[in-house]
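Trainee: prediction below, plus the sequence it came from.
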Amino acid sequence: MGRFFYAIIFDVMKRVVVLTGAGISAESGLRTFRDSDGLWEGYNIADVATPEAWAHNPELVQDFYNMRRKDVLNANPNAAHYALAKLEEKYNVTVITQNIDDLHERGGSTNVIHLHGIITRSQSSIDPELTYPIEGWELKMDEVCELGSPLRAHVVWFGEDVPMITKAAEICSKADIFILIGSSLAVYPAAGLINYVPNSVPKYIIDPNIPEVNRREVVKIKEKATAGVPILIEQLLSEA
């Protein structure tokens, strides 16, 4: 009876859909290639984040993501991550993130969709649906999947399909409130998700540099995530 009652309450909660980009992770010390003219930690993206790069020099690609994984594991969630988790007290929250780190989960969010994969897991290099947890930060070239193929980072590379985009679009179409945090809306298809949100739905954008959006009901909060998100979350909690 108790579980059934909880399910009813959860179902009537307003649905909040949050789309996060690199800006929210940057405040935890994780850099992105867009901060440095197409270079990511000194590497050209074409050399480390494409299927062609893996085919040409898999050791370089593996080492690159091992270092990024180490960075992620050494980073901590920030005030924005914790604030979003708090929103679950009164709302049905789905976080859709473009980021490959696990900071949302470690910050307490329980329903997270990773559009571009998550670096703390590995995947088969021939079947992306075969994924595995990674112990520690290092993935070695002699580690293979059940098909005998080398394991690579569970990350969507440039030129690859984004398998979660259809599910994410459906979730956006059912939002009662939409929040965009730390994204320039420059990377597609993720950037197009805001277009699936109904026009009548309130939309909040939090970023020091607000991207151009041709949508109604947009509230622009020109702040970094750690400053703007906690303020908005407290407001939404008080209104629930």
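Mentor: Now that the structure is in, tell me what you want to look at. Just so it is clear, the model here is predicted, and its values are computed rather than measured.
Trainee: use CA for all of it now, contacts and neighbours both
Mentor: OK.
Trainee: check which element follows the lengthiest strand in the chain along the chain.
Mentor: Ranked by number of residues, the top strand in the chain under DSSP state E is strand 117-124. As assigned by DSSP states H and E, the chain's next helix or strand after strand 117-124 is strand 131-133.
Trainee: so how many other residues sit close to residue 214?
Mentor: 8 (other C-alpha atoms under 10 Å).
Trainee: correction: residue 229
Mentor: Neighbours of residue 229 using other C-alpha under 10 Å come to 27.
Trainee: so the closest residue to residue 49 other than its chain neighbours, which state does it fall into?
Mentor: Leaving aside its sequence neighbours, residue 49 sits nearest to residue 157 (C-alpha to C-alpha, 6 or more residues apart in numbering; 5.1 Å). With DSSP: H, G, I helix; E, B strand; the rest coil as the basis, residue 157 sits in coil.
Trainee: so residue 157 touches residue 51, yeah?
Mentor: Yes: using C-alpha atoms under 8 Å, residue 157 is in contact with residue 51, at 6.8 Å.
Trainee: quick one: contacts of the longest strand of the chain?
Mentor: Strand 117-124 has contacts (C-alpha atoms under 8 Å, 6 or more residues apart in numbering) with 65, 68-69, 99-102, 129-134, 137, 139, 144-145, 149-156.
Trainee: show me what counts as buried in that strand.
Mentor: 117-124 (16 or more other C-alpha atoms under 10 Å).
Trainee: residue 156: what's it in contact with?
Mentor: 116-117, 162.
Trainee: now, which of these sits nearest residue 226?
Mentor: residue 116 (22.8 Å; C-alpha to C-alpha).
Trainee: against residue 190, how distant is the closest one?
Mentor: Applying C-alpha to C-alpha, to the nearest Å, the value for residue 116 to residue 190 is 9 Å.
Trainee: repeat that for residue 96.
Mentor: Counting by C-alpha to C-alpha, the gap from residue 96 to residue 190 is 9 Å.
Trainee: likewise residue 97?
Mentor: Going from residue 97 to residue 190 by C-alpha to C-alpha gives 9 Å.
Trainee: with residue 79 instead?
Mentor: 24 Å.
Trainee: re the thing from before, overlap in contacts, residue 116 and residue 190.
Mentor: With C-alpha under 8 Å, 6+ apart, residue 116 and residue 190 have common neighbours residue 98.
Trainee: on the three-state scheme, residue 193 is what?
Mentor: Per three-state DSSP, residue 193 ends up helix.
Trainee: so what's it up against?
Mentor: Residue 193 touches 168-169, 172, counting by C-alpha under 8 Å, 6+ apart.
Trainee: how about the residue most central in space within the chain, nearest residue that isn't a chain neighbour?
Mentor: Per C-alpha atoms, centre = their mean, the C-alpha nearest to the average position across the chain is that of residue 97, at 1.9 Å. With sequence-adjacent residues excluded and distances taken as C-alpha to C-alpha, 6+ apart, residue 97 is closest to residue 20, at 4.7 Å.
Trainee: what of residue 182?
Mentor: Nearest to residue 182 is residue 23, by C-alpha to C-alpha, 6+ apart, at 3.8 Å.
Trainee: so who does the one you found touch?
Mentor: 181-183, 207, 224-225.
Trainee: let's see that with 10 Å instead.
Mentor: Neighbouring residues of residue 23 by C-alpha atoms under 10 Å, 6 or more residues apart in numbering: 30-32, 99, 181-184, 206-208, 224-226.
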